[in-house]
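**Q** what shape does this take:
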Amino acid sequence: MPAKTRLSRTAIGFRVKSGWATAVLLGLSDSPQILDRRVVELSDPSVPESRQPYHAGMGTLEEDASEIRWRTGVVRRAAGRSVTALLQAYRAIGCTPRSAALVVGSLIDPALVANPHIRAHALEGRLFRTVLEETLQSAKIACSVVIEKGAYAKAAAALGRTEDEVKRIVSTLGRAAGGPWRADEKLAAAAAWMRLA
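**A** So this is what the prediction gives:
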């Protein structure tokens, strides 16, 4: 963060996936600025089953309740460690975000999904979203959840801009970040900017 820049506030945007999330820390002075971006593990790499805890195998729903309890416990501990480390890193650069937005693929109720394999994915989507949200809330960070399909429209409405403007500005922000600036990072940045509105 440039020494002369004065930020009025910061927010974190996350694009949540199965077992991990892309996090973008955005600050606001006169315009939004990327302060950090990184991958946050929501599962334990040493426990491969924690990446897809509701899968018993390729395309199969896990039905063993004790196995699911164990795997989701691993997820909760891993997410807690990762988010704690993330927030410590942000404090180290002088940032204390008080809000976050989580971009997710869907909010569908897994009980409504007939296909067992697709239900496993829906259960995992709900698990990683809620674990991340609960972990952030326990750190006194207010959260909102946005569905990916409508994320830019929602950001545009919150910011009083058009979707095209939001997409253009978010794309431009990536130049300052260096390296690749992918769709997940753009969505996370748009979500964080929306929380700064």
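
**Q** where do the helices of this structure begin and end?
**A** 65-92, 116-138, 151-159, 163-177, 183-195 (DSSP state H).

**Q** now do the shortest one: which elements does it pack against?
**A** Counting contacts by 3 or more Cβ pairs under 8 Å, 6 or more residues apart in numbering; DSSP states H and E, helix 151-159 packs against helix 163-177, helix 183-195. The C-beta positions use only the backbone N, C-alpha and C, and glycine is treated the same way.

**Q** pLDDT of it, averaged?
**A** On average, the pLDDT along helix 151-159 is 97.

**Q** and what of the first one?
**A** For helix 65-92, the mean per-residue pLDDT is 97.

**Q** now the angle from that helix to helix 116-138?
**A** 40 degrees (axes from the mean of the first three to the mean of the last three Cα atoms, to 10 degrees).

**Q** for helix 65-92, the distance to its chain's centre please.
**A** 13 Å (Cα atoms, centre = their mean, to the nearest Å).

**Q** for that helix, buried residues please.
**A** Neighbour-count burial for helix 65-92, with 16 or more other Cβ atoms under 10 Å as criterion, is recorded at 68, 71-72, 74-76, 78-80, 82-83, 86-87, 90.

**Q** export the helices of the chain to CSV and tack on distance to I108?
**A** As requested, the helices of the chain are exported to CSV (distance: least, Cβ to Cβ, whole Å):
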stretch, distance to I108
helix 65-92, 19
helix 116-138, 5
helix 151-159, 16
helix 163-177, 24
helix 183-195, 19
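
**Q** those helices: which one's closest to D44?
**A** Taking Cβ to Cβ, helix 65-92 is the member of these nearest to D44, at 4.3 Å.

**Q** what's the closest one packed up against?
**A** On the basis of 3+ Cβ pairs under 8 Å, 6+ apart, helix 65-92 makes packing contacts with strand 9-16, strand 32-41, helix 116-138.
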